[in-house]
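S.K.: let's see this in three dimensions:
(one chain, ligands or ions: 2)
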Amino acid sequence: MKRTKIASILANEQTDYDVVVKGWIRSVRNNQFIALNDGSCLANLQVVATAGIVDEETMKHIVAGASVAVTGKVVASLGKGQRVEVQASTIELLGKCDNEQYPLQLKNKPSLEYLREIAHLRFRTNTFGAVFRVRHSLAFAVHRFFNERGFVYLHTPIVTASDAEGAGEMFRVTTLSPTAPPLTEDGAVNYKEDFFGRCTNLTVSGQLEAELGAMALSEVYTFGPTFRAENSNTARHLAEFWMIEPEVAFNDINDNMDLAEAFIKYVIQYTLTHNTEDLQFLAQRLDEEEKLKPMNERSEMGLMEKLQFVVNNEFERITYTQAIDVLLSSPAYKKKKFQYDVQWGIDLQSEHERYLVEKHFKKPVIVTGYPKDIKAFYMRLNDDGKTVAAMDILAPGIGEIVGGSQREERLDNLLKRMKEMHIPTEEMYWYLDTRRFGTVPHAGFGLGFERLVLFVTGMTNIRDVIPFPRTPKNADF
Ligand code: 4AD
Ligand code: MG
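M.R.: Ligands and ions are numbered 1, 2, ... in the order given. Okay, the predicted model is just below:
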(Lines give C-alpha, C1' and ligand atoms only; values in the text may rest on other atoms or scores of the structure.)
(Ligands and ions follow the chains in the order given, each with its own letter.)
Protein backbone atom coordinates (compact mmCIF):
# COMPACT_ATOMS: atom_id res chain seq x y z
CA MET A 1 0.00 0.00 0.00
CA LYS A 2 1.18 3.53 -0.77
CA ARG A 3 2.01 6.02 1.95
CA THR A 4 -0.67 8.59 2.77
CA LYS A 5 0.42 12.00 4.01
CA ILE A 6 -0.82 13.10 7.39
CA ALA A 7 -2.15 16.37 5.96
CA SER A 8 -4.49 14.51 3.66
CA ILE A 9 -5.74 12.19 6.42
CA LEU A 10 -6.53 15.16 8.65
CA ALA A 11 -8.24 17.01 5.80
CA ASN A 12 -10.33 14.00 4.81
CA GLU A 13 -13.88 13.87 6.19
CA GLN A 14 -14.05 10.11 5.86
CA THR A 15 -13.15 7.48 8.45
CA ASP A 16 -12.78 3.70 8.48
CA TYR A 17 -10.25 3.25 5.71
CA ASP A 18 -6.81 1.65 5.70
CA VAL A 19 -3.60 3.66 5.47
CA VAL A 20 0.15 3.49 5.69
CA VAL A 21 1.66 6.55 7.35
CA LYS A 22 5.32 7.31 7.82
CA GLY A 23 6.99 9.97 9.87
CA TRP A 24 8.92 10.97 12.97
CA ILE A 25 7.63 10.49 16.47
CA ARG A 26 7.12 13.73 18.37
CA SER A 27 6.05 12.17 21.66
CA VAL A 28 4.70 9.00 23.22
CA ARG A 29 2.11 8.93 25.98
CA ASN A 30 1.24 5.95 28.21
CA ASN A 31 3.23 3.61 25.97
CA GLN A 32 0.25 3.72 23.66
CA PHE A 33 -0.46 7.10 22.08
CA ILE A 34 2.11 8.16 19.52
CA ALA A 35 2.12 11.70 18.12
CA LEU A 36 3.43 11.32 14.57
CA ASN A 37 4.53 14.14 12.26
CA ASP A 38 5.63 13.94 8.63
CA GLY A 39 6.01 17.66 7.91
CA SER A 40 3.04 17.79 5.56
CA CYS A 41 1.20 19.95 8.09
CA LEU A 42 1.56 21.41 11.53
CA ALA A 43 -0.69 18.95 13.34
CA ASN A 44 0.48 15.55 14.51
CA LEU A 45 -1.46 12.41 13.80
CA GLN A 46 -2.38 10.36 16.83
CA VAL A 47 -1.44 6.71 16.35
CA VAL A 48 -2.90 4.29 18.84
CA ALA A 49 -0.71 1.26 19.50
CA THR A 50 -2.79 -1.17 21.52
CA ALA A 51 -0.85 -3.61 23.67
CA GLY A 52 0.58 -6.54 21.78
CA ILE A 53 0.92 -5.11 18.28
CA VAL A 54 4.57 -4.20 18.88
CA ASP A 55 6.96 -6.58 20.63
CA GLU A 56 8.56 -5.40 23.83
CA GLU A 57 12.02 -4.89 22.34
CA THR A 58 10.71 -2.67 19.50
CA MET A 59 8.46 -0.76 21.92
CA LYS A 60 11.61 0.40 23.75
CA HIS A 61 12.60 2.24 20.59
CA ILE A 62 9.24 3.91 20.04
CA VAL A 63 10.51 7.23 21.38
CA ALA A 64 10.60 10.89 20.33
CA GLY A 65 12.79 11.34 17.25
CA ALA A 66 12.53 7.76 15.96
CA SER A 67 11.03 7.17 12.53
CA VAL A 68 8.28 4.64 11.90
CA ALA A 69 5.96 3.25 9.26
CA VAL A 70 2.48 2.57 10.60
CA THR A 71 -0.18 0.44 8.97
CA GLY A 72 -3.65 0.82 10.34
CA LYS A 73 -7.16 2.14 10.08
CA VAL A 74 -8.30 5.75 10.25
CA VAL A 75 -11.06 5.91 12.86
CA ALA A 76 -13.00 8.62 14.65
CA SER A 77 -11.14 9.55 17.80
CA LEU A 78 -12.80 9.25 21.18
CA GLY A 79 -10.12 11.35 22.85
CA LYS A 80 -9.99 15.11 23.02
CA GLY A 81 -7.81 17.17 20.69
CA GLN A 82 -8.23 15.26 17.44
CA ARG A 83 -11.10 14.33 15.16
CA VAL A 84 -9.48 11.19 13.81
CA GLU A 85 -6.66 8.84 14.79
CA VAL A 86 -5.01 5.78 13.34
CA GLN A 87 -5.61 2.49 15.04
CA ALA A 88 -2.33 0.74 14.28
CA SER A 89 -2.19 -2.87 13.19
CA THR A 90 1.59 -2.93 12.64
CA ILE A 91 4.37 -0.50 13.47
CA GLU A 92 7.70 -0.88 11.73
CA LEU A 93 10.66 0.90 13.22
CA LEU A 94 12.50 2.62 10.35
CA GLY A 95 15.18 4.46 12.30
CA LYS A 96 16.06 4.35 15.96
CA CYS A 97 16.75 7.52 17.90
CA ASP A 98 19.15 7.68 20.82
CA ASN A 99 16.91 9.23 23.42
CA GLU A 100 19.78 10.30 25.64
CA GLN A 101 21.33 12.37 22.90
CA TYR A 102 18.32 13.60 20.94
CA PRO A 103 18.12 17.34 21.65
CA LEU A 104 14.45 17.82 20.78
CA GLN A 105 12.65 16.38 23.78
CA LEU A 106 9.31 17.95 24.50
CA LYS A 107 10.11 18.36 28.21
CA ASN A 108 11.87 21.71 28.00
CA LYS A 109 11.06 24.12 25.20
CA PRO A 110 14.28 24.88 23.34
CA SER A 111 15.08 28.56 22.66
CA LEU A 112 15.35 29.87 19.10
CA GLU A 113 19.02 30.63 19.78
CA TYR A 114 19.67 27.04 20.75
CA LEU A 115 17.73 25.73 17.76
CA ARG A 116 19.96 27.82 15.49
CA GLU A 117 22.90 25.75 16.73
CA ILE A 118 21.06 22.58 15.74
CA ALA A 119 19.69 23.96 12.49
CA HIS A 120 20.02 20.49 10.95
CA LEU A 121 17.28 19.26 13.30
CA ARG A 122 15.16 22.34 13.87
CA PHE A 123 12.91 21.52 10.89
CA ARG A 124 11.35 18.99 13.25
CA THR A 125 9.87 21.61 15.53
CA ASN A 126 6.41 23.12 15.09
CA THR A 127 7.85 26.60 14.69
CA PHE A 128 10.32 25.77 11.94
CA GLY A 129 7.97 23.41 10.17
CA ALA A 130 5.51 26.31 9.97
CA VAL A 131 8.16 28.86 8.94
CA PHE A 132 9.47 26.75 6.09
CA ARG A 133 6.05 25.80 4.79
CA VAL A 134 5.14 29.49 4.73
CA ARG A 135 8.47 30.31 3.06
CA HIS A 136 7.68 27.77 0.37
CA SER A 137 4.23 29.23 -0.21
CA LEU A 138 5.63 32.72 -0.53
CA ALA A 139 8.18 31.54 -3.11
CA PHE A 140 5.46 29.80 -5.06
CA ALA A 141 3.22 32.89 -4.88
CA VAL A 142 6.07 35.04 -6.22
CA HIS A 143 6.24 32.97 -9.39
CA ARG A 144 2.46 32.82 -9.67
CA PHE A 145 2.12 36.59 -9.38
CA PHE A 146 4.60 37.30 -12.16
CA ASN A 147 3.44 34.45 -14.34
CA GLU A 148 -0.15 35.72 -14.20
CA ARG A 149 1.10 39.10 -15.41
CA GLY A 150 3.17 37.77 -18.31
CA PHE A 151 6.63 38.38 -16.84
CA VAL A 152 9.55 36.24 -18.00
CA TYR A 153 11.59 34.59 -15.25
CA LEU A 154 15.19 35.44 -16.11
CA HIS A 155 18.08 33.54 -14.54
CA THR A 156 20.83 36.09 -14.03
CA PRO A 157 24.40 34.95 -13.30
CA ILE A 158 25.62 34.19 -9.81
CA VAL A 159 29.27 34.61 -10.72
CA THR A 160 29.90 38.04 -12.16
CA ALA A 161 32.66 40.55 -12.80
CA SER A 162 30.54 43.61 -12.03
CA ASP A 163 29.43 45.25 -8.81
CA ALA A 164 25.77 46.02 -9.49
CA GLU A 165 25.34 48.23 -6.45
CA GLY A 166 28.79 49.83 -6.68
CA ALA A 167 29.13 49.35 -2.93
CA GLY A 168 32.13 47.01 -3.03
CA GLU A 169 30.67 44.41 -0.69
CA MET A 170 31.49 41.37 -2.78
CA PHE A 171 32.80 37.89 -2.15
CA ARG A 172 35.64 36.99 -4.50
CA VAL A 173 35.39 33.83 -6.60
CA THR A 174 38.76 32.37 -7.57
CA THR A 175 40.57 29.12 -8.21
CA LEU A 176 43.99 30.66 -7.66
CA SER A 177 46.13 29.38 -4.81
CA PRO A 178 45.53 31.41 -1.65
CA THR A 179 49.15 31.01 -0.56
CA ALA A 180 51.07 31.31 -3.82
CA PRO A 181 48.94 32.97 -6.52
CA PRO A 182 50.56 33.77 -9.87
CA LEU A 183 51.87 37.33 -9.91
CA THR A 184 52.26 39.98 -12.60
CA GLU A 185 55.62 41.63 -13.25
CA ASP A 186 54.83 44.35 -10.74
CA GLY A 187 53.90 41.88 -7.99
CA ALA A 188 50.08 42.05 -8.08
CA VAL A 189 47.92 38.90 -8.27
CA ASN A 190 47.62 37.94 -11.92
CA TYR A 191 43.92 37.33 -12.42
CA LYS A 192 44.50 36.67 -16.13
CA GLU A 193 45.53 33.21 -14.93
CA ASP A 194 42.39 32.78 -12.85
CA PHE A 195 39.58 30.48 -13.98
CA PHE A 196 37.63 33.18 -15.81
CA GLY A 197 40.72 35.09 -16.89
CA ARG A 198 39.65 38.01 -14.74
CA CYS A 199 38.61 38.97 -11.24
CA THR A 200 35.14 37.63 -10.43
CA ASN A 201 32.68 37.79 -7.52
CA LEU A 202 29.40 36.44 -6.28
CA THR A 203 26.59 38.70 -7.42
CA VAL A 204 25.12 41.33 -5.09
CA SER A 205 22.08 41.80 -7.35
CA GLY A 206 20.76 40.56 -10.69
CA GLN A 207 19.42 43.98 -11.59
CA LEU A 208 21.86 45.04 -14.30
CA GLU A 209 21.36 41.82 -16.24
CA ALA A 210 17.60 42.01 -15.63
CA GLU A 211 17.66 45.46 -17.24
CA LEU A 212 19.27 43.94 -20.33
CA GLY A 213 16.45 41.39 -20.50
CA ALA A 214 13.74 44.00 -19.99
CA MET A 215 15.09 45.96 -22.98
CA ALA A 216 13.72 43.21 -25.22
CA LEU A 217 11.26 41.11 -23.25
CA SER A 218 9.63 44.17 -21.59
CA GLU A 219 8.71 42.47 -18.31
CA VAL A 220 11.17 40.22 -16.54
CA TYR A 221 11.96 39.19 -12.98
CA THR A 222 14.75 37.35 -11.23
CA PHE A 223 14.49 35.28 -8.08
CA GLY A 224 17.83 34.01 -6.93
CA PRO A 225 20.53 34.05 -4.29
CA THR A 226 22.55 37.22 -3.79
CA PHE A 227 25.60 37.74 -1.63
CA ARG A 228 26.88 40.65 0.39
CA ALA A 229 30.11 40.76 2.32
CA GLU A 230 28.86 43.56 4.55
CA ASN A 231 29.86 43.08 8.13
CA SER A 232 26.38 43.73 9.52
CA ASN A 233 25.68 41.44 12.40
CA THR A 234 22.02 42.37 12.80
CA ALA A 235 18.72 40.52 12.94
CA ARG A 236 17.94 41.86 9.42
CA HIS A 237 21.12 41.06 7.46
CA LEU A 238 22.40 37.90 5.86
CA ALA A 239 25.56 37.43 3.80
CA GLU A 240 23.57 35.12 1.50
CA PHE A 241 19.96 36.04 0.86
CA TRP A 242 17.39 35.57 -1.86
CA MET A 243 16.13 38.52 -3.83
CA ILE A 244 13.23 39.03 -6.22
CA GLU A 245 13.94 41.70 -8.82
CA PRO A 246 11.31 42.64 -11.40
CA GLU A 247 12.39 45.01 -14.16
CA VAL A 248 9.84 46.60 -16.47
CA ALA A 249 10.35 48.57 -19.68
CA PHE A 250 8.13 51.66 -20.07
CA ASN A 251 7.36 51.81 -16.34
CA ASP A 252 8.04 54.99 -14.40
CA ILE A 253 8.48 55.37 -10.66
CA ASN A 254 4.72 55.47 -10.01
CA ASP A 255 4.11 52.29 -11.99
CA ASN A 256 6.98 50.79 -10.01
CA MET A 257 5.31 51.64 -6.71
CA ASP A 258 1.99 50.23 -7.90
CA LEU A 259 3.67 46.99 -8.95
CA ALA A 260 5.55 46.58 -5.68
CA GLU A 261 2.46 47.25 -3.59
CA ALA A 262 0.29 44.86 -5.59
CA PHE A 263 3.03 42.23 -5.43
CA ILE A 264 3.44 42.37 -1.65
CA LYS A 265 -0.32 42.25 -1.08
CA TYR A 266 -0.71 39.32 -3.46
CA VAL A 267 1.90 37.08 -1.86
CA ILE A 268 0.64 37.85 1.64
CA GLN A 269 -2.94 37.10 0.61
CA TYR A 270 -1.75 33.84 -0.92
CA THR A 271 -0.32 32.63 2.39
CA LEU A 272 -3.36 33.87 4.33
CA THR A 273 -5.46 31.64 2.09
CA HIS A 274 -3.16 28.62 1.90
CA ASN A 275 -1.26 28.56 5.20
CA THR A 276 -3.93 29.46 7.73
CA GLU A 277 -3.05 26.76 10.24
CA ASP A 278 0.67 27.58 10.17
CA LEU A 279 0.07 31.32 10.40
CA GLN A 280 -2.31 30.92 13.30
CA PHE A 281 0.31 28.87 15.10
CA LEU A 282 2.98 31.51 14.40
CA ALA A 283 0.59 34.24 15.56
CA GLN A 284 0.18 32.44 18.86
CA ARG A 285 3.95 32.02 19.16
CA LEU A 286 4.39 35.74 18.57
CA ASP A 287 1.72 36.60 21.15
CA GLU A 288 3.62 34.62 23.76
CA GLU A 289 6.88 36.33 22.80
CA GLU A 290 5.22 39.75 22.93
CA LYS A 291 3.91 39.12 26.43
CA LEU A 292 7.50 38.99 27.67
CA LYS A 293 8.10 42.54 26.44
CA PRO A 294 7.33 45.73 28.36
CA MET A 295 3.89 47.16 27.46
CA ASN A 296 5.19 50.10 25.41
CA GLU A 297 7.27 47.83 23.16
CA ARG A 298 4.48 45.43 22.28
CA SER A 299 2.95 45.70 18.85
CA GLU A 300 -0.63 46.84 18.67
CA MET A 301 -1.74 44.12 16.28
CA GLY A 302 -1.46 40.38 16.31
CA LEU A 303 0.14 38.68 13.32
CA MET A 304 -3.07 37.77 11.46
CA GLU A 305 -4.53 41.20 12.07
CA LYS A 306 -1.34 42.84 10.79
CA LEU A 307 -1.29 40.76 7.61
CA GLN A 308 -4.98 41.45 6.95
CA PHE A 309 -4.35 45.12 7.55
CA VAL A 310 -1.50 45.25 5.03
CA VAL A 311 -3.54 43.47 2.40
CA ASN A 312 -6.55 45.74 2.89
CA ASN A 313 -4.97 49.18 3.20
CA GLU A 314 -3.06 51.43 0.87
CA PHE A 315 0.60 51.96 1.60
CA GLU A 316 1.54 55.50 2.57
CA ARG A 317 3.53 57.27 -0.15
CA ILE A 318 5.81 60.14 0.84
CA THR A 319 8.96 61.81 -0.42
CA TYR A 320 12.27 61.66 1.38
CA THR A 321 11.96 65.40 2.06
CA GLN A 322 8.56 64.86 3.70
CA ALA A 323 10.01 61.99 5.72
CA ILE A 324 12.76 64.25 7.05
CA ASP A 325 10.15 66.87 7.98
CA VAL A 326 8.07 64.28 9.85
CA LEU A 327 11.16 63.19 11.75
CA LEU A 328 12.26 66.74 12.54
CA SER A 329 8.88 67.64 13.99
CA SER A 330 8.48 64.34 15.90
CA PRO A 331 8.38 64.16 19.70
CA ALA A 332 11.16 61.57 19.46
CA TYR A 333 13.45 64.08 17.76
CA LYS A 334 12.53 66.88 20.14
CA LYS A 335 13.20 64.67 23.13
CA LYS A 336 16.54 63.64 21.56
CA LYS A 337 15.44 59.98 21.42
CA PHE A 338 17.20 59.29 18.10
CA GLN A 339 20.76 58.07 18.31
CA TYR A 340 21.60 59.40 14.83
CA ASP A 341 21.16 62.98 13.73
CA VAL A 342 18.34 63.99 11.38
CA GLN A 343 18.89 66.48 8.56
CA TRP A 344 18.24 66.58 4.82
CA GLY A 345 20.89 64.46 3.11
CA ILE A 346 21.31 61.70 5.72
CA ASP A 347 20.72 58.07 4.93
CA LEU A 348 17.68 57.10 7.00
CA GLN A 349 18.81 54.91 9.88
CA SER A 350 16.71 51.98 10.98
CA GLU A 351 15.51 53.93 14.06
CA HIS A 352 14.18 56.63 11.69
CA GLU A 353 12.52 54.12 9.39
CA ARG A 354 10.89 52.38 12.32
CA TYR A 355 9.64 55.65 13.73
CA LEU A 356 7.99 56.48 10.41
CA VAL A 357 6.23 53.13 9.96
CA GLU A 358 5.57 52.01 13.52
CA LYS A 359 4.89 55.25 15.37
CA HIS A 360 3.85 57.82 12.80
CA PHE A 361 2.07 56.21 9.84
CA LYS A 362 1.42 52.79 11.41
CA LYS A 363 1.44 51.07 8.01
CA PRO A 364 3.92 50.28 5.23
CA VAL A 365 5.44 53.44 3.78
CA ILE A 366 6.95 54.03 0.34
CA VAL A 367 9.59 56.73 0.40
CA THR A 368 10.66 58.29 -2.91
CA GLY A 369 13.02 61.01 -4.09
CA TYR A 370 16.14 60.31 -2.06
CA PRO A 371 19.23 62.54 -2.33
CA LYS A 372 21.32 61.25 -5.23
CA ASP A 373 24.48 61.09 -3.11
CA ILE A 374 23.19 58.26 -0.91
CA LYS A 375 21.86 56.10 -3.76
CA ALA A 376 23.30 53.93 -6.54
CA PHE A 377 24.63 55.22 -9.87
CA TYR A 378 21.81 53.81 -12.02
CA MET A 379 18.94 55.76 -10.47
CA ARG A 380 17.21 58.40 -12.60
CA LEU A 381 18.05 61.99 -11.75
CA ASN A 382 14.99 64.12 -10.93
CA ASP A 383 14.48 67.57 -12.44
CA ASP A 384 15.66 69.25 -9.22
CA GLY A 385 19.15 67.92 -9.98
CA LYS A 386 19.68 66.73 -6.41
CA THR A 387 17.27 63.84 -5.86
CA VAL A 388 16.76 60.58 -7.73
CA ALA A 389 13.65 58.55 -8.60
CA ALA A 390 14.41 55.99 -5.90
CA MET A 391 11.86 54.16 -3.79
CA ASP A 392 12.26 52.23 -0.58
CA ILE A 393 9.38 50.39 1.02
CA LEU A 394 9.51 50.31 4.79
CA ALA A 395 7.51 47.70 6.70
CA PRO A 396 6.49 47.66 10.37
CA GLY A 397 8.92 45.63 12.47
CA ILE A 398 11.27 45.16 9.53
CA GLY A 399 12.38 48.51 8.13
CA GLU A 400 13.46 48.41 4.48
CA ILE A 401 11.88 45.48 2.68
CA VAL A 402 12.13 46.81 -0.90
CA GLY A 403 14.68 49.01 -2.63
CA GLY A 404 14.10 50.15 -6.19
CA SER A 405 14.04 53.00 -8.67
CA GLN A 406 13.26 54.30 -12.09
CA ARG A 407 16.52 53.80 -13.99
CA GLU A 408 18.56 56.51 -15.69
CA GLU A 409 17.77 55.83 -19.35
CA ARG A 410 19.51 58.96 -20.72
CA LEU A 411 23.02 58.01 -21.86
CA ASP A 412 24.66 61.37 -21.08
CA ASN A 413 23.28 61.54 -17.56
CA LEU A 414 24.23 57.94 -16.87
CA LEU A 415 27.79 58.38 -18.14
CA LYS A 416 28.21 61.51 -16.06
CA ARG A 417 26.95 59.81 -12.93
CA MET A 418 29.10 56.72 -13.46
CA LYS A 419 32.21 58.84 -13.84
CA GLU A 420 31.40 60.84 -10.73
CA MET A 421 30.98 57.62 -8.77
CA HIS A 422 34.06 55.89 -10.27
CA ILE A 423 32.07 53.12 -11.93
CA PRO A 424 34.17 51.69 -14.79
CA THR A 425 32.35 52.79 -17.96
CA GLU A 426 34.50 50.87 -20.44
CA GLU A 427 34.09 47.53 -18.71
CA MET A 428 30.35 48.14 -18.52
CA TYR A 429 29.91 48.90 -22.20
CA TRP A 430 27.18 46.24 -22.31
CA TYR A 431 25.09 48.12 -19.78
CA LEU A 432 25.59 51.40 -21.61
CA ASP A 433 24.72 49.78 -24.96
CA THR A 434 21.08 49.48 -23.87
CA ARG A 435 21.06 53.27 -23.60
CA ARG A 436 22.66 53.55 -27.03
CA PHE A 437 20.40 51.13 -28.86
CA GLY A 438 16.76 52.05 -28.35
CA THR A 439 16.76 53.19 -24.77
CA VAL A 440 13.39 53.48 -23.00
CA PRO A 441 12.23 54.60 -19.56
CA HIS A 442 12.18 51.62 -17.24
CA ALA A 443 11.98 50.79 -13.57
CA GLY A 444 12.37 47.93 -11.16
CA PHE A 445 12.95 46.96 -7.58
CA GLY A 446 14.46 44.33 -5.35
CA LEU A 447 12.57 42.66 -2.54
CA GLY A 448 14.62 40.81 0.08
CA PHE A 449 12.87 37.47 0.30
CA GLU A 450 13.93 36.71 3.88
CA ARG A 451 12.69 40.10 5.05
CA LEU A 452 9.34 39.25 3.50
CA VAL A 453 9.33 35.87 5.26
CA LEU A 454 10.18 37.64 8.53
CA PHE A 455 7.26 39.98 8.05
CA VAL A 456 4.77 37.25 7.23
CA THR A 457 5.83 34.74 9.89
CA GLY A 458 6.32 37.30 12.66
CA MET A 459 9.72 35.82 13.43
CA THR A 460 12.16 38.42 14.70
CA ASN A 461 15.58 37.20 13.59
CA ILE A 462 16.40 36.71 9.91
CA ARG A 463 18.52 33.65 10.87
CA ASP A 464 15.26 31.89 11.68
CA VAL A 465 13.59 32.20 8.27
CA ILE A 466 16.29 30.71 6.01
CA PRO A 467 17.24 27.06 6.52
CA PHE A 468 20.99 27.57 6.93
CA PRO A 469 21.90 31.23 7.50
CA ARG A 470 25.23 32.66 6.37
CA THR A 471 26.32 35.52 8.60
CA PRO A 472 29.69 36.99 9.63
CA LYS A 473 31.86 34.24 11.18
CA ASN A 474 29.23 31.58 10.51
CA ALA A 475 28.79 29.16 7.61
CA ASP A 476 27.78 26.04 9.54
CA PHE A 477 26.00 23.15 7.82
O1 4AD B 1 18.28 48.03 -1.62
P2 4AD B 1 19.09 46.95 -2.28
O3 4AD B 1 20.55 46.95 -2.04
O4 4AD B 1 18.76 47.11 -3.83
C5 4AD B 1 19.30 46.39 -4.85
O6 4AD B 1 20.08 45.47 -4.74
C7 4AD B 1 18.76 46.77 -6.19
N8 4AD B 1 19.66 46.29 -7.22
C9 4AD B 1 17.37 46.19 -6.35
C10 4AD B 1 16.73 46.55 -7.66
O11 4AD B 1 16.35 47.68 -7.85
N12 4AD B 1 16.58 45.60 -8.56
O13 4AD B 1 18.50 45.54 -1.89
C14 4AD B 1 17.15 45.22 -2.14
C15 4AD B 1 16.52 44.54 -0.95
C16 4AD B 1 16.50 45.38 0.32
O17 4AD B 1 15.42 46.27 0.33
C18 4AD B 1 16.38 44.32 1.40
O19 4AD B 1 15.04 43.87 1.51
C20 4AD B 1 17.19 43.19 0.82
O21 4AD B 1 17.27 43.39 -0.57
N22 4AD B 1 18.55 43.14 1.39
C23 4AD B 1 18.95 42.23 2.29
N24 4AD B 1 18.30 41.22 2.90
C25 4AD B 1 18.99 40.47 3.77
N26 4AD B 1 20.30 40.65 4.06
C27 4AD B 1 20.99 41.66 3.49
N28 4AD B 1 22.28 41.82 3.78
C29 4AD B 1 20.32 42.50 2.55
N30 4AD B 1 20.69 43.56 1.80
C31 4AD B 1 19.61 43.93 1.10
MG1 MG C 1 18.46 49.53 -0.26
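S.K.: what does the chain have sitting close to ligand 1?
M.R.: Proximity of the chain to ligand 1, by C-beta under 6 Å from any ligand atom, involves residues 164-165, 205, 207, 228, 230, 237-238, 241, 243, 245, 400-405, 444-446, 448, 450-451. In this view, the C-beta of every residue, glycine as well, is placed from N, C-alpha and C.
S.K.: for PyMOL, what selects the buried ones among the residues you listed?
M.R.: Buried members of the residues of the chain next to ligand 1 can be picked out in PyMOL with the line below, counting by 16 or more other C-beta atoms under 10 Å:
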select buried, resi 164+165+205+207+228+237+238+241+243+245+400+401+402+403+404+405+444+445+446+448+450+451
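S.K.: what comes up buried for stretch 225-232?
M.R.: Buried, per 16+ other C-beta under 10 Å, within stretch 225-232: 226, 227, 228.
S.K.: narrow those residues to those in strands?
M.R.: 226, 227 (DSSP state E).
S.K.: so which of the buried residues of stretch 225-232 comes closest to residue 44?
M.R.: Using C-beta to C-beta, residue 226 comes nearest to residue 44 of these, at 36.9 Å.
S.K.: in contact with the closest one, which residues?
M.R.: Counting by C-beta atoms under 8 Å, 6 or more residues apart in numbering, residue 226 touches 202, 203, 204, 205, 206, 240, 241, 242, 243.
S.K.: buried residues, the one helix or strand the last one maps to. List them.
M.R.: Taking DSSP states H and E as the definition, one finds residue 243 inside strand 240-249. Along strand 240-249, these residues count as buried under the neighbour rule (16+ other C-beta under 10 Å): 240, 241, 242, 243, 244, 245, 246, 247, 248, 249.
S.K.: let's have those residues in JSON lines, adding pLDDT.
M.R.: As requested, these are exported to JSON lines (pLDDT from 0 to 100):
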{"residue": "240", "pLDDT": "98"}
{"residue": "241", "pLDDT": "98"}
{"residue": "242", "pLDDT": "98"}
{"residue": "243", "pLDDT": "98"}
{"residue": "244", "pLDDT": "98"}
{"residue": "245", "pLDDT": "98"}
{"residue": "246", "pLDDT": "99"}
{"residue": "247", "pLDDT": "98"}
{"residue": "248", "pLDDT": "98"}
{"residue": "249", "pLDDT": "98"}
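S.K.: now render those residues as JSON lines, adding distance to residue 463.
M.R.: Output for the buried residues of strand 240-249, formatted as JSON lines (distance: C-beta to C-beta, whole Å):
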{"residue": "240", "distance to residue 463": "12"}
{"residue": "241", "distance to residue 463": "11"}
{"residue": "242", "distance to residue 463": "14"}
{"residue": "243", "distance to residue 463": "17"}
{"residue": "244", "distance to residue 463": "20"}
{"residue": "245", "distance to residue 463": "23"}
{"residue": "246", "distance to residue 463": "27"}
{"residue": "247", "distance to residue 463": "29"}
{"residue": "248", "distance to residue 463": "33"}
{"residue": "249", "distance to residue 463": "37"}
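S.K.: the stretch 301-450 of the chain: helices as residue ranges?
M.R.: 303-312, 320-328, 331-334, 350-354, 411-420, 429-436, 449-457 (DSSP state H, counting those that start in this stretch).
S.K.: wait, residue 367 sits on residue 326?
M.R.: No. In this structure residue 367 lies outside contact range of residue 326 using C-beta atoms under 8 Å: 10.4 Å.
S.K.: who has more neighbours out of these two?
M.R.: residue 367 (24 against 19; other C-beta atoms under 10 Å).
S.K.: buried residues in the helix or strand encompassing residue 272?
M.R.: Here residue 272 sits within helix 253-274, counting by DSSP H and E. Neighbour-count burial for helix 253-274, counted by 16+ other C-beta under 10 Å, picks out 253, 256-257, 259-261, 263-272, 274.
S.K.: what helix or strand does residue 279 sit in?
M.R.: helix 276-291.
S.K.: which residues does the residue of the stretch 251-400 of the chain at minimum distance from ligand 1 bridge with?
M.R.: When scored by C-beta to the nearest ligand atom, the stretch 251-400 of the chain has residue 400 as its residue closest to ligand 1, at 4.5 Å. Beta-bridge pairing for residue 400 (DSSP bridges): residue 394.
S.K.: state the distance from it to residue 281.
M.R.: Noted for residue 400: a distance of 28 Å to residue 281, by C-beta to C-beta, to the nearest Å.
S.K.: re earlier: so which residues make contact with the helix holding residue 279?
M.R.: Taking C-beta under 8 Å, 6+ apart as the rule, helix 276-291 contacts 41-43, 126-127, 129-131, 133-134, 271-272, 298-299, 302-304, 307, 456-460.
S.K.: can I have the buried ones of the residues you listed as a PyMOL selection?
M.R.: Buried residues within those, by 16+ other C-beta under 10 Å, are selected in PyMOL with:
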select buried, resi 41+42+43+126+127+129+130+131+133+134+271+272+302+303+304+307+456+457+458+459
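S.K.: any low-confidence regions in the protein?
M.R.: Within the chain, the stretches with pLDDT under 70 are 106-107.
S.K.: can you list residues touching both of residue 367 and residue 326?
M.R.: Taking C-beta under 8 Å, 6+ apart as the criterion, residue 367 and residue 326 both touch 318, 356.
S.K.: and the strand holding residue 243 with helix 253-274, angle?
M.R.: Taking axes from the mean of the first three to the mean of the last three C-alpha atoms, to 10 degrees, one finds strand 240-249 and helix 253-274 inclined to each other by 130 degrees.
S.K.: between helix 449-457 and strand 240-249, find me the angle.
M.R.: 100 degrees.
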